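Asker: Let's see this in three dimensions:
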Amino acid sequence: MWVIKLGGSLLGDARLTDWLALVEQLGGGRVTLVCGGGTLADEVRRLQARWQVDDLTAHNMAVLTMVQNAHLLQALAPTLQPVAREADIMPTLRRGGVALWMPLDLLRARPDPDTSWDVTSDSIALALAQRLHAERLVVVKSCEIDERLTLDQLGDLDILDRRFATLAATGSVPIDVLCRSQVEVLRGGLLGACEGGSRRYG
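Answerer: Sure, this is the predicted structure:
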């Protein structure tokens, strides 16, 4: 089983439909899709700064942006199967579907170590992949990815969040970081072909 995380910044990109079509075509029974917060999460950051609300409030608002964007993906790719509870992901895959995770389980009544901006949808997707013992995590970004950079360096550049590299070091899930133009690299991976062009970690 693979976890594929589509960056929220892809929601304004015409290539989004190419990624979704590929997941619909090849992901049945094997892919769990996670969507980032994108511009909606940016607005949460702005509102938090404007009103000085606490990180717990911002965390819950940001999780809901992931849910909102997942609804958009489901509208664009109707065969994706929305999953609100993590416990329902594997049953969805066993039925042959593509699980579209709407992480309502992550809403919190009290703060915990993950309720800060050090943890974004990147680390949320990685933690999910680790809990599910996924074969691979694929993180798709809208920017170009320098294959020479480490996960720590990608975090320093704000391409990945600050917690991602540390979390990756605690598990054994292999990670691909792709840019928005590398849909064929993902196709090759899902088909089992040996295709280059991505940086693999782990």
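
Asker: Confidence-wise, which helix or strand of this protein is lowest on average?
Answerer: Least confident helix or strand of the chain, by mean pLDDT, DSSP states H and E, is strand 199-201 with a mean of 70.

Asker: In a strand, Leu64, correct?
Answerer: No - secondary structure of Leu64 (DSSP: H, G, I helix; E, B strand; the rest coil): helix, not part of a strand.

Asker: State the number of residues packed around it.
Answerer: 19 (other CB atoms under 10 Å). Every C-beta, even on glycine, is put in place using the N, C-alpha and C of the backbone.

Asker: Identify the residues contacting it.
Answerer: Neighbour list for Leu64: Leu107 [criterion: CB atoms under 8 Å, 6 or more residues apart in numbering].

Asker: if I look at it, how far off is Leu106?
Answerer: Here the distance between Leu64 and Leu106 works out to 10 Å (CB to CB, to the nearest Å).

Asker: and the closest residue to Gly8 other than its chain neighbours, what does it touch?
Answerer: With CB to CB, 6 or more residues apart in numbering as the criterion, Gly8 has its nearest non-adjacent residue at 2.3 Å, and that residue is Gly38. By CB under 8 Å, 6+ apart, the contact set of Gly38 is 7-12, 65, 69.

Asker: any idea where the helices of the protein begin and end?
Answerer: 16-26, 38-51, 55-76, 89-94, 121-131, 151-156, 164-169, 183-191 (DSSP state H).

Asker: Need the winner for burial among those helices.
Answerer: helix 121-131 (a mean of 23; mean count of other CB atoms under 10 Å).

Asker: looking only at pLDDT, what's the mean for stretch 47-65?
Answerer: Averaging pLDDT along stretch 47-65 yields 98.

Asker: and what of stretch 88-103?
Answerer: On average, stretch 88-103 scores 98.

Asker: same question, stretch 12-24
Answerer: So the average pLDDT for stretch 12-24 ends up being 97.

Asker: Give me the residues contacting it.
Answerer: With CB under 8 Å, 6+ apart as the test, stretch 12-24 has contacts from 4, 6, 10, 31, 33, 38-39, 73, 76-77, 79-80, 98, 140, 142, 180-181, 183, 186-187, 190.

Asker: pretty sure Val3 is in contact with Gly27, am I right?
Answerer: No - between Val3 and Gly27 no contact is recorded; they are 10.7 Å apart, counting by CB atoms under 8 Å.
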